[in-house]
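Peer 1: Pasted the sequence and its predicted model underneath.
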Amino acid sequence: MNFSNRMTLFKTPLRFAGFLFSALLPAIGQLAAAEPINIVFQNGRSVPLNAVALQGDKLTIIAAAPGFNVGQAFPFASADHIYGTKPPEINQAVALILTDKPADALKLVEPIVAEQRITAKIPGNFWLEAARASLIAYALTGNNAKCVEIGKAVSDATPAQGIDPFVSLGKAIMLPETTPVSDRALAFSDLTTDNLASDICAYASFFRARLLKSAKRNSDAAQASKQDAEVLEAFLTAPCAYPAGCMIVNAASEIQASSYLVTLGRREEAVALLNSAIRQAAGTVLIPDANKRLESIK
């Protein structure tokens, strides 16, 4: 289904309701009680992450844990997956990144990146998302050296795909402002292809939309209307085309898109987008802005 067809989701109430229901799914998962991070072995036994250290190619028990003795070592390959609750700091950090507070975001994700580094190659880990968020934050601050360092670590953790696409996203973000807007926008568009994962596509779509918004040059009413329509479509790309990519990116995009819908007189759709954003971004800095916008148009 092409983008123009996806956009019809926002013109048909029943279809849009279905879209909003799908947006509820991540929020439902948040209702479960928080569980500590555990490494689960292939035999089904599990050990808390903070009781384990990676020594060479072995996972060694360094602190007392039920069923394990200090000093026991297990082949790293015997780790099957990670079990536990995603640290809420990750979503908060992503929200801070998308609201131009990368330094604050780094304060939240850097400890996770350091503490959960040994889980980087274990399925179901949260390290990868935290590390990618830190890469974006460093790109926004212009810290190329840290981007290279983290980009290598992320790529090493995902060897099957070669250079991790988030490395390219960081480079696109750091393109000089003297680079033509069309070239910078293309760098983001190149990261929204069908062969890439939804999360990188969602991020790239958001940053492309934000670039187009900041680069608007209104020469007359007709041109301004055309530019607004382009920016609106760009912001809706993440939640419409890549809904499974990142719920915080979706929420940030929906909040931005809502203001354009209000201008177009499509208040009902704007309210629906803001309600969706509030559900997806619970507990993050996006909520006050979303609530304020919602109250202003009700």
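Peer 2: Nice, I can see it. The model shown is predicted, which means the values in this text are computed figures rather than measured ones.
Peer 1: where does the stretch 101-250 of the chain dip in pLDDT?
Peer 2: Applying pLDDT under 70 to the predicted model, the residue ranges of the stretch 101-250 of the chain that meet it are 217-219.
Peer 1: can you pull out the helices in it?
Peer 2: Ranges of helices in the stretch 101-250 of the chain, per DSSP state H, counting those that start in this stretch, are 102-115, 127-140, 144-157, 165-173, 181-189, 198-214, 221-241, 247-263.
Peer 1: Would you reformat the ones you listed as JSON lines and include distance to residue 69 and mean neighbour count?
Peer 2: Every residue, glycine included, has its C-beta placed from N, CA and C. Putting the helices of the stretch 101-250 of the chain into JSON lines (distance: least, C-beta to C-beta, whole Å; neighbours: other C-beta atoms under 10 Å) gives the following:
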{"stretch": "helix 102-115", "distance to residue 69": "23", "mean neighbour count": "19"}
{"stretch": "helix 127-140", "distance to residue 69": "26", "mean neighbour count": "25"}
{"stretch": "helix 144-157", "distance to residue 69": "29", "mean neighbour count": "17"}
{"stretch": "helix 165-173", "distance to residue 69": "39", "mean neighbour count": "22"}
{"stretch": "helix 181-189", "distance to residue 69": "51", "mean neighbour count": "16"}
{"stretch": "helix 198-214", "distance to residue 69": "39", "mean neighbour count": "22"}
{"stretch": "helix 221-241", "distance to residue 69": "48", "mean neighbour count": "19"}
{"stretch": "helix 247-263", "distance to residue 69": "41", "mean neighbour count": "24"}
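Peer 1: JSON lines for the ones you listed, including distance to residue 90?
Peer 2: Compiled in JSON lines, those are given as follows (distance: least, C-beta to C-beta, whole Å):
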{"stretch": "helix 102-115", "distance to residue 90": "7"}
{"stretch": "helix 127-140", "distance to residue 90": "5"}
{"stretch": "helix 144-157", "distance to residue 90": "15"}
{"stretch": "helix 165-173", "distance to residue 90": "14"}
{"stretch": "helix 181-189", "distance to residue 90": "22"}
{"stretch": "helix 198-214", "distance to residue 90": "12"}
{"stretch": "helix 221-241", "distance to residue 90": "18"}
{"stretch": "helix 247-263", "distance to residue 90": "9"}
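Peer 1: Among these, which comes closest to residue 272?
Peer 2: Proximity to residue 272, assessed across the helices of the stretch 101-250 of the chain by C-beta to C-beta, is greatest for helix 247-263 (8.9 Å).
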